[in-house]
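**Q** Let's see this in three dimensions:
(one chain, ligands or ions: 2)
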Amino acid sequence: MIQLRGVSKTVMSGGRPLTILHPLDLTVRSGQFLAVLGPSGSGKSTLLGLVAGLDAPTGGEILIDGVDITKMGEDALAKLRGEKIGFVFQFFHLVPSLTAFENILIPMEIAGRRDATARARQLLGEVGLSDRGHHYPSQLSGGEQQRVAIARALSNDPPIIMADEPTGNLDSTTGKLIMQLLIDVRRERQTTLMLVTHDADLAALADSRLVLRDGRPVEGESRIPLDSARGEPNPESRPDAASRPARLEPTR
Ligand code: ADP
Ligand code: MG
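**A** Residues are numbered from 1 along each chain as shown. Ligands and ions are numbered 1, 2, ... in the order given. Have a look, this model is predicted:
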């Protein structure tokens with residue numbers, strides 16, 4: 001479970017403090033799918049970066065499975081990220097000098113997995129790229145590179161997947177296929193998914209929705225379980241909602 005309590009971010013901009021995320025409370029239960037929406041510059045990437053521990057908040061607490069990550073040192077954070085979070089970026093962020101296969105292998109080698117090679121091969125198959133493992137990122141299309149990035153994100157079986165506009169750099173047909181892959185992966189593995197998207201159809205499949213504007217949730221457009229850490233879960237966002245079919249139709 002991911003819990004944010006009063007999480008905010010203020011940066012210095014032109015010599016003045018600028019608050020890019022105002023104090024935010026948010027709970028994402030294990031296995032839930034949260035869609036994060038909002039115009040460019042509204043704080044979506046900032047939020048994901050904070051939850052992934054890639055950036056430190058100015059205020060508040062971020063608990064992942066009850067542990068406050070804002071109190072952790074760099075090494076502990078890196079370890080936690082390696083174990084708990086698979087991150088998929090808009091611009092793929094593959095290592096250009098490594099093959100697809102090697103890119104998937106890295107996180108498992110860092111984690112010291114002995115089955116790394118076999119798993120990398122299996123993950124390549126899972127994202128439909130069994131025959132492309134020896135290719136370098138520059139030899140792959142955008143959609144293929146994002147498949148590799150998804151396989152890499154899954155390599156250590158993280159309970160949480162975060163994706164920041166993962167189709168923002170792809171054509172719409174390829175984008176739909178990548179989104180379908182993420183939805184399928186999430187359903188099969190029952191992972192928590194925090195997804196930044198501009199796709200309203202996709203957001204409609206989510207258990208909850210956070211719409212940001214100028215670093216604040218837009219009331220009325222957002223549908224986030226308030227204080228759902230206590231009391232009854234929202235009936236619409238039960239864990240078994242994860243098992244309902246959520247197929248995306250290709251665009252016409
Ligand atoms: P989004 O992902 O919704 O497009 P971001 O989270 O990337 O938005 O950024 C939110 C706002 O904060 C933007 O106006 C951006 O320019 C600003 N911002 C982000 N990081 C910094 C920083 N380190 N210094 C100054 N401004 C920043
Ligand atoms: Mg962004």
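
**Q** Please work out how many residues are found near A200.
**A** By the criterion of other C-beta atoms under 10 Å, A200 has 10 neighbours. C-beta coordinates here come from the backbone N, C-alpha and C atoms, glycine included.

**Q** scratch that, D55
**A** That count, for D55 with other C-beta under 10 Å as the rule, works out to 14.

**Q** Report the separation between it and T46.
**A** Distance of D55 to T46, computed by C-beta to C-beta, to the nearest Å: 7 Å.

**Q** Find the residues that touch each one of those two.
**A** K9 (C-beta atoms under 8 Å, 6 or more residues apart in numbering).

**Q** Can you find the helix or strand of this structure with the lowest average pLDDT?
**A** Across the helices and strands of the chain, mean confidence by mean pLDDT, DSSP states H and E is lowest for helix 200-204: a mean of 87.

**Q** Packing partners of the next helix or strand after that helix?
**A** Next in sequence after helix 200-204, counting helices and strands by DSSP states H and E, comes strand 208-213. When contacts are defined as 3 or more C-beta pairs under 8 Å, 6 or more residues apart in numbering; DSSP states H and E, strand 208-213 packs onto strand 33-37, helix 44-51.

**Q** Quick check: end-to-end length of stretch 203-217?
**A** 15 Å (C-alpha to C-alpha, to the nearest Å).

**Q** Flag every buried residue along that stretch.
**A** The neighbour-count check on stretch 203-217 (16 or more other C-beta atoms under 10 Å) flags A203, L205, A206, D207, S208, R209, L210, V211, L212, G215, R216, P217 as buried.

**Q** Check these and tell me the two furthest apart.
**A** Farthest apart among those by C-beta to C-beta are L205 and G215. That separation is 25.5 Å.

**Q** so what's the residue nearest the centre of the chain up against?
**A** Closest residue to the average C-alpha location of the chain: M162 at 0.7 Å, with C-alpha atoms, centre = their mean. By C-beta under 8 Å, 6+ apart, the contact list for M162 reads L48, V51, A52, I85, G86, F87, V88, L193, M194, L195.

**Q** Show me which of these is closest to ligand 1.
**A** L48 (8.0 Å; C-beta to the nearest ligand atom).

**Q** so the closest one touches L34, yeah?
**A** No: between L48 and L34 there is no contact under C-beta atoms under 8 Å: 10.3 Å.

**Q** Between these two, which is the more surrounded one?
**A** Taking neighbours as other C-beta under 10 Å, L48 and L34 compare with L34 leading, 26 against 22.

**Q** For the more buried one, give the beta-bridge partners.
**A** Applying DSSP bridges to L34 yields these beta-bridge partners: M194, S208.

**Q** Quick check: it touching A203?
**A** No: in this structure L34 lies outside contact range of A203 using C-beta under 8 Å: 9.7 Å.

**Q** one step back: would you mind grabbing the residues shared as contacts by L48 and L34?
**A** Counting by C-beta under 8 Å, 6+ apart, the contacts common to L48 and L34 are M194.

**Q** CA atoms of the helix ranked longest in the chain as PDB?
**A** The residue-count maximum for a helix in the chain (DSSP state H) belongs to helix 172-189. C-alpha atoms of helix 172-189 as PDB (Å, rounded to 0.1, in the frame of the first residue of the first chain):
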ATOM      1  CA  SER A 172      -1.600   6.000 -31.200                       C
ATOM      2  CA  THR A 173      -1.800   2.400 -32.500                       C
ATOM      3  CA  THR A 174       1.500   1.500 -30.900                       C
ATOM      4  CA  GLY A 175       0.400   3.400 -27.800                       C
ATOM      5  CA  LYS A 176      -2.800   1.300 -27.400                       C
ATOM      6  CA  LEU A 177      -0.800  -1.900 -27.700                       C
ATOM      7  CA  ILE A 178       1.700  -0.700 -25.000                       C
ATOM      8  CA  MET A 179      -1.200   0.300 -22.700                       C
ATOM      9  CA  GLN A 180      -2.900  -3.100 -23.300                       C
ATOM     10  CA  LEU A 181       0.400  -4.800 -22.300                       C
ATOM     11  CA  LEU A 182       0.600  -2.700 -19.100                       C
ATOM     12  CA  ILE A 183      -3.000  -3.500 -18.300                       C
ATOM     13  CA  ASP A 184      -2.500  -7.200 -19.000                       C
ATOM     14  CA  VAL A 185       0.700  -7.400 -17.000                       C
ATOM     15  CA  ARG A 186      -0.900  -5.600 -14.100                       C
ATOM     16  CA  ARG A 187      -3.900  -7.900 -14.100                       C
ATOM     17  CA  GLU A 188      -1.900 -11.100 -14.400                       C
ATOM     18  CA  ARG A 189       0.600 -10.000 -11.700                       C
END
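
**Q** Right, I'll call it a day here.
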